[in-house]
Structure formats: C-alpha cells, structure tokens
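**Q** sequence and predicted structure below; questions after.
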Amino acid sequence: MKRFKIIRLAFIAVPVAVAALLFHFFDLSGITRAPAAAVNSIIADAGDALSYSVGGKSDARRKLAEADAERARLLIDLAQSRDAVRKLEARLETREIDFASATAGIVARVVVRDIGSWHKEVTVEAGARDGVSPGFAALTGDGLAGRVVSVTDSTASVLLVTGANSATSVSIKNRGTFGIARGDGSGMIRVDMLPTEAGISPGDRVTTSGYGGNYPEGLPVGSVARVAPAGKKLSPTVTVKPAVDMTNLYYLILAKL
C-alpha cells in the first residue's frame, strides 16, 4: 500500500516538474496571450477595412467629380470651337476675328436642393468671390445642366434646364430645326415652336442652338424621347430626356461662355 502511494506521488510530481522546467527555460506567456491577441488582430483588421471602405468611397467620389469636370471642360472647348468657326466664317470678310476668351471653369459642389423645386434649381458652393456671376453656364461631363441666375459672395443659384421657366434655345441635330426648351415639371424637357414638317424622331440629339446669347452652339441638352403630333396646334410637342442625370447632381462646372 505504501509502495502504491509512492508511485502515485511520482506520477503527480513528474508532470509538475516538467511544467516547472518549461516555464523556467521557455517564455510561454505568448501562448496564454495568443487568443486575446488573435481577437484584437481581428478587430483591428475589421476597423482598418471599415476605414478603408469609407475613405475609399470618398476618394472615389472625388475622383469621379474631377473626371466629370474634365469632361465638361472638353465639352466647353468643343462648343467654343464650333461657335468660333461659325463666327469666323461670318466675320472673315470684315476681318472681325478677335474673340474674347472664356473664363476658366469653376468646379462647384451642390449644397442645397429643395424638394419643392427639385427640377427647377440648385444652389452651389461658389459665388462672387470665386468670380461667378449671373449668366454663367452650369455643366457636367454629359452636357448642359442650366445657368446661374443669381449669386451671393459664396454661393450661386442655378436654374436647371428642367425648370419650367428655363427657356433654352435649342436645335434638333441633323434636322435643321430650332425650338425653345423648357422643363415640363417631371424632370423631362419640352420643346415647342417647331415646324410641323420637321420630321423629328425619338433618339434625335438636342443641343444648344447658339441663338439667344446664353450659350454657344452645340452643347448637349438631351435626346428626343417622344413626339406628340401637332393636331390643332401649330407645331408638334417634343419631349426630351436631359443629357445630364438630374437626379444625381453633386458637382457642377460653372463657366462664362
């Protein structure tokens, strides 16, 4: 019986001694900390991923705005070139070939858009102190969005082409016809004062005509969505889908054309 107790004590003492030697010669503290470290690492990685996601989205939106502004500048250059050619042809005989250069475009963030006037106007974060004045065109990379109608020192109000009182002189590309474009209250554009024999069809491109003094010729306004026959009226009514996505206006480029 005594011998059995000695053996049993030996079985207990040996593992204890081995454990003591391990703790003496090796640092095992890292093992006990491993689960907590793993959890902390997972939390940190998740936080980094969230920060990257939020920051990446903001950076992507900024880059998209920059690309959109560059497209708008190219549209301005193209429209000004076309307008310059048209004026040059008209003035060659009298040698009146000096053209005033347009001011550089100003990229402005949309800061106010009232639900009650959603299709009519927006307010942007650029004003008189930035060189903006009434009459400036407001564009995106897709085309004409509207024009500046009033300014404060730091903001400007932009009347959109989808506004009922916008009255933009337009032409139907490849049709040789002209009309007046106004918003119809639903986010679309209505073009009136067109000749009955115009032969306009859905898909026809609508651009600024160059008449009226507000814009040069050739800025994209939209494309024909449908044509209502003239009936008892003197001219057909053409409904135009805007070239600019009016539901997602984050930035506009303002330019004196």
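**A** That came in fine, so what should we check first?
**Q** residue 172: how many residues sit nearby?
**A** Residue 172 has 24 neighbouring residues, counting by other Cβ atoms under 10 Å. For every residue, glycine as well, the C-beta is placed using N, CA and C.
**Q** got it, and residue 125?
**A** Neighbours around residue 125, by other Cβ under 10 Å: 16.
**Q** again with residue 66
**A** Here the number of neighbours of residue 66 (other Cβ under 10 Å) works out to 12.
**Q** phi, psi for it please.
**A** Main-chain dihedrals, residue 66, degrees, to the nearest 10: phi -60, psi -40.
**Q** just the one 5 residues further on next, same as before
**A** Dihedral angles phi and psi of residue 71 (degrees, to the nearest 10) take the values phi -60, psi -40.
**Q** how close does it sit to residue 59?
**A** Distance of residue 71 to residue 59, computed by Cβ to Cβ, to the nearest Å: 19 Å.
**Q** so for those two, which residue has more residues nearby?
**A** residue 71 (16 against 11).
**Q** contacts only, for the nearest residue to that one once chain neighbours are set aside.
**A** Among residues not flanking residue 71 along the chain, residue 141 sits closest, at 2.7 Å (Cβ to Cβ, 6 or more residues apart in numbering). If a contact means Cβ atoms under 8 Å, 6 or more residues apart in numbering, then residue 141 has 67-72, 74-75 as its contacts.
**Q** among those, who's most crowded?
**A** For the contacts of residue 141, the largest number of neighbours (other Cβ under 10 Å) sits with residue 72, at 28 neighbours.
**Q** just to check, it is in contact with residue 254?
**A** No - Residue 72 is not in contact with residue 254 according to Cβ atoms under 8 Å; the separation is 9.6 Å.
**Q** all helices for this protein, in order.
**A** Per DSSP state H, the chain carries helices over the ranges 2-25, 29-91.
**Q** among those, show the one with the smallest mean pLDDT.
**A** Among these, helix 2-25 carries the lowest mean pLDDT, a mean of 45.
**Q** so what's the residue count around residue 216?
**A** Using other Cβ under 10 Å: residue 216 sits among 21 other residues.
**Q** check it and give its pLDDT.
**A** 88.
**Q** what do you get for residue 145?
**A** 95.
**Q** now for residue 72 and residue 254: what residues contact both?
**A** Shared contacts of residue 72 and residue 254, counting by Cβ under 8 Å, 6+ apart, come down to residue 105.
**Q** contacts only, for the closest residue in space to residue 106 that isn't next to it in sequence.
**A** Among residues not flanking residue 106 along the chain, residue 254 sits closest, at 4.6 Å (Cβ to Cβ, 6+ apart). By Cβ under 8 Å, 6+ apart, the contact set of residue 254 is 105-108, 124, 126, 132, 136-138, 148, 156, 158.
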